[in-house]
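Participant: could you look at this predicted model? Sequence included:
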Amino acid sequence: MEPLTTGYIGFAAFVALIFLRVPIAYAMAIVGTLGLLSVYDSATVFKFVPFEMFSQTSSFTLASLPLFLLMGYLAFYADLATDSYEAAKAWFGRVPGGLAVGTVYACAIFGACSGSSLATCAVFSKMSVPEMIRAGYNRKLSLGVVAAGGGLDVLIPPSIIMVVYGVMTETSIGKLLIAGILPGIVYACIFAVAIAGACWWKPELAPPFRDVDTSWRARWATVRNLWAVAALFVLVLGAIYAGWATPDEAAAVGVVGAAVLLAYRRRFSWAAVKGATIDSAKASAMIFLLLGCAGIFAKFLSVTGVIATLTKGVMEMQLPFWGLMGCLILLYLVLGCFLDAISMMLLTMPLVAPLITAHGQSLVWFGVFISMMVVIGAVTPPLGLNCYVMKAAMGDDVELNEIFAGALPFVALMLLIAIIIAAFPQLSLWLPDMMGGR
Amino acid sequence: MERAILAYERVYRRVATYLVFLPLLAMTVIEFLNAIGRKLFVPFPGTVESVESLLVVSVYFGVALVALEGGHVNVTIGSDRLPVPVQQVLDALGNLLAALVFGFLAAGAAAEAARSIALLEFRLGVYRFPLWPFKTLFAAGLVLLTVQLVLNTVKHLALARGRESYAGLNRQGRETIQVT
């Protein structure tokens, strides 16, 4: 059989396995290994594939991934999420849909010390959704705002997705992290305006909420509590941009900073540190197995010529740049229904990154755009991980379908933000260019 | 059989918890000391080598733990509508297939580890950093994952045959044991 035919059959088998409930990492390892066995002799695969997995995961740059996760968990134990939410409530509590708007900004603020949108969704589904529902807010709005607002973490540094993208495309992680800041702020502002506008237009969505002190004294008091979030953010990004630390060292500095905050707030305990470390180690194990198995699968697609053929095919179509971007938006919307963010990135980057480079575009800007696109997949059914995490956190109080239905209107907004990021590269590039991030 | 599975998983859970926890903590300390040391005194010796190696230990002892807790991401929408025994059979088949492939990879990793031990393989660089312990631990992690996948297969088959719960797993795929 022609290697290319084997490649296409392998890809079809991979899709079939996913729909037969096989975990995505296992499906990639199964198809990748069996596919390579059909191309090479078994002795080569026996020797080469485990070595490939070992070298794929033992990467110094990837060390920042578990450390940023750990920093987020410790920040949660130090009550930084609560501080963010209280501040956002005090500042936005009186605008139409104030609690929902506050939740968006709280997600953005907490995103500055957590690198995972899943962690943010888990935290705020327990913290702000019950309060919004008690205040008479529309259930779907309350659920959707957390599912989609959690995506802010992907743009606001530190971002796990951007670290993975940076490693895959050999792009400066420091520049990528800083490039996400302005688009992240735009994301939060567009969400806030849209929610406030919708609640002003249809007041039944969110009745006025009076149970919050929005006096200036109360507002400044909550801002004072945000010093810890700000300190952690400045510590991590400051260390990178002052040239004192590489991104992974900055992550370690952030972990120590979060532990110090924990101690300062008298919440430091062996159990808290152990719990946070084990949680982040388990999350990392899941991500790294995906990375290792995606490496095998990508190798299979590469040696069978699937990637080269597809890349050549797209290049021969001679699509103008905007045609290519339109195709990519459609591609990621479809993939987002079936794959999680990291798998999507791992599977497509070997094909897509060369196309972007061939068009002479910046991989830093593209990293921000692609992060936005993959996070849309986190809220679209059937595999919207943010929604699954919310369901797991809230248990029987909510139906999964309700969360998906709530998140759906926000998908249009997220798409708009992705288009804005694509149309205005300077939004992403201005800050890293100005700061000369490394 | 059920008791043996439970006993194995109890011991594994306890040991693995420390095997994922301690390397991550050590990585944090080394990276932090290196960042501070490079600025103020001297860099921490062998940072890159030790962090890369500790990462492998933390990750590959964690993958079986995640498999034990059913934490690897899968798509269930669509197959959720199938009868529960069919879902359990599909889960069993998926785990079995994965066990075969990861068993093959574990054997390859073990062969590479044996070669590395025989040579007492070191990584050349500024510091001579031993590679063989970490290649061995990587192989051990894959072996543990394979074992866990086999156990998961047995559990799902038992559930498919009508058991309400088996070895700490119920038919909804949730753990029935409270982990402390």
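Facilitator: Cool, the structure landed. Numbering: from 1, shown residues only, chains lettered A, B, ... in the order given.

Participant: top helix in the chain by residue count?
Facilitator: All of this refers to chain A. helix A:270-303 (DSSP state H).

Participant: um, chain B though
Facilitator: Using DSSP H to assign secondary structure, the helix with the most residues in chain B is helix B:2-40.

Participant: what about the longest helix of chain A, average pLDDT?
Facilitator: What helix A:270-303 shows for mean pLDDT is 86.

Participant: so it versus helix B:2-40, what angle?
Facilitator: Counting by axes from the mean of the first three to the mean of the last three C-alpha atoms, to 10 degrees, helix A:270-303 lies at 90 degrees to helix B:2-40.

Participant: I'd like the next helix or strand past helix A:270-303.
Facilitator: Using DSSP states H and E, the helix or strand that follows helix A:270-303 towards the C-terminus is helix A:306-316.

Participant: does the next helix or strand after that following helix come close to chain B?
Facilitator: Later in the chain than helix A:306-316, the nearest helix or strand by DSSP H and E is helix A:321-336. No: judged by C-beta under 8 Å from any C-beta of the partner chain, helix A:321-336 and chain B are separated, with a smallest distance of 12.1 Å. Any C-beta I mention is one placed from the backbone N, CA and C, and that applies to glycine too.

Participant: now find how far off-centre helix A:321-336 is within its chain.
Facilitator: The chain centre lies 18 Å from the centre of helix A:321-336; the measure is C-alpha atoms, centre = their mean, to the nearest Å.

Participant: just the pLDDT for the most centrally placed residue in chain A.
Facilitator: By C-alpha atoms, centre = their mean, the mean C-alpha position of chain A lies nearest to A:Val154, the distance being 3.5 Å. pLDDT recorded at A:Val154 is 90.

Participant: then B:Glu52?
Facilitator: So B:Glu52 comes in at 88 (pLDDT).

Participant: equivalent analysis for A:Met434, please.
Facilitator: pLDDT for A:Met434: 86.

Participant: ok, A:Ser172 next?
Facilitator: Note on A:Ser172: pLDDT of 90.

Participant: give me the number of residues near it?
Facilitator: Counted with other C-beta atoms under 10 Å in any protein chain shown, residues neighbouring A:Ser172 total 17.

Participant: tell me how far it lies from A:Ile178.
Facilitator: Distance, A:Ser172 to A:Ile178, by C-beta to C-beta, to the nearest Å: 9 Å.

Participant: find the nearest non-adjacent residue to A:Leu70, please.
Facilitator: Excluding the flanking residues, the one nearest A:Leu70 by C-beta to C-beta, 6 or more residues apart in numbering or on different chains is A:Ser280, at 4.1 Å.

Participant: touching, the one you found and A:Leu65? I think so.
Facilitator: No: under the criterion of C-beta atoms under 8 Å, A:Ser280 makes no contact with A:Leu65, lying 9.2 Å away.

Participant: now do the strands in chain B.
Facilitator: Secondary structure of chain B by DSSP state E: the strands cover B:122-123, B:129-130, B:165-166, B:169-170.

Participant: touching chain A at all, stretch B:45-56?
Facilitator: Yes: Stretch B:45-56 lies within reach of chain A by C-beta under 8 Å from any C-beta, at B:Val48, B:Val51, B:Glu52, B:Ser53, B:Leu55, B:Val56.

Participant: columns neighbour count on top of those residues, output as TSV?
Facilitator: Output for the residues of stretch B:45-56 next to chain A, formatted as TSV (neighbours: other C-beta atoms under 10 Å in any protein chain shown):
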residue	neighbour count
B:Val48	19
B:Val51	26
B:Glu52	22
B:Ser53	23
B:Leu55	26
B:Val56	22
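
Participant: which pair of those spans the longest distance?
Facilitator: B:Val48 and B:Val56 (13.1 Å; C-beta to C-beta).

Participant: where does the chain dip in pLDDT?
Facilitator: Just going to use chain A. Applying pLDDT under 70 to chain A picks out residues A:338, A:382-383, A:392, A:395, A:436-438.

Participant: oops, chain B please
Facilitator: Ranges of chain B meeting pLDDT under 70: B:171-180.

Participant: all helices for it, in order.
Facilitator: Here chain B has its helices, by DSSP H, at B:2-40, B:47-68, B:84-119, B:132-160.

Participant: angle of the longest one against helix B:47-68?
Facilitator: If you take the same axes, to 10 degrees, helix B:2-40 sits at 150 degrees to helix B:47-68.

Participant: buried residues in helix B:2-40, which are they?
Facilitator: In terms of neighbour count (16 or more other C-beta atoms under 10 Å in any protein chain shown), helix B:2-40 has its buried residues at B:5, B:9, B:12, B:16-17, B:19-25, B:27-28, B:30-36, B:38.

Participant: then the last one?
Facilitator: Applying a neighbour-count criterion of 16+ other C-beta under 10 Å, the buried positions in helix B:132-160 are B:132, B:134-160.

Participant: burial of the residue nearest to A:Leu70, as a residue count?
Facilitator: Residues near A:Ser280, counting by other C-beta under 10 Å, number 29.

Participant: from B:Leu55, how far out is it?
Facilitator: The gap separating A:Ser280 from B:Leu55 is 12 Å, by C-beta to C-beta.

Participant: A:Pro183 now?
Facilitator: Counting by C-beta to C-beta, the gap from A:Pro183 to B:Leu55 is 30 Å.

Participant: on that earlier part again, how far out from the middle of the chain is the longest helix of chain B?
Facilitator: When distances are taken as C-alpha atoms, centre = their mean, helix B:2-40 is centred 12 Å away from the chain's centroid.

Participant: one more: stretch A:167-181?
Facilitator: On the basis of C-alpha atoms, centre = their mean, stretch A:167-181 sits 13 Å off its chain's mean C-alpha point.

Participant: which residue, other than its chain neighbours, is closest to A:Lys89?
Facilitator: Leaving aside its chain neighbours, A:Lys89 sits nearest to A:Gly102 (4.5 Å; criterion: C-beta to C-beta, 6+ apart).

Participant: which ones are touching that neighbour?
Facilitator: Applying C-beta atoms under 8 Å, 6 or more residues apart in numbering or on different chains to A:Gly102 gives the contacts A:Tyr85, A:Ala88, A:Lys89, A:Trp91, A:Phe92, A:Gly93, A:Ser128.

Participant: about what we covered before: name the element the residue nearest to the centre of chain A belongs to?
Facilitator: If you go by DSSP H and E, A:Val154 is part of helix A:152-155.

Participant: what ranges do the helices span in the stretch 301-438 of chain A?
Facilitator: For the stretch 301-438 of chain A, helices defined by DSSP state H, counting those that start in this stretch occupy the ranges A:306-316, A:321-336, A:341-358, A:363-377, A:385-394, A:400-423, A:425-435.

Participant: on that earlier part again, the buried residues of helix B:132-160 also near chain A: which ones?
Facilitator: Filtering those for proximity to chain A by C-beta under 8 Å from any C-beta leaves B:Phe134, B:Lys135, B:Phe138, B:Ala139, B:Leu142.

Participant: nearest to chain A, of these?
Facilitator: Distance to chain A, by C-beta to the nearest C-beta, is smallest for B:Phe138 among these, at 5.3 Å.

Participant: coming back round to it: hmm, the residue nearest to the centre of chain A is touching A:Met373, no?
Facilitator: No: counting by C-beta under 8 Å, A:Val154 sits too far from A:Met373 to count as a contact (10.0 Å).
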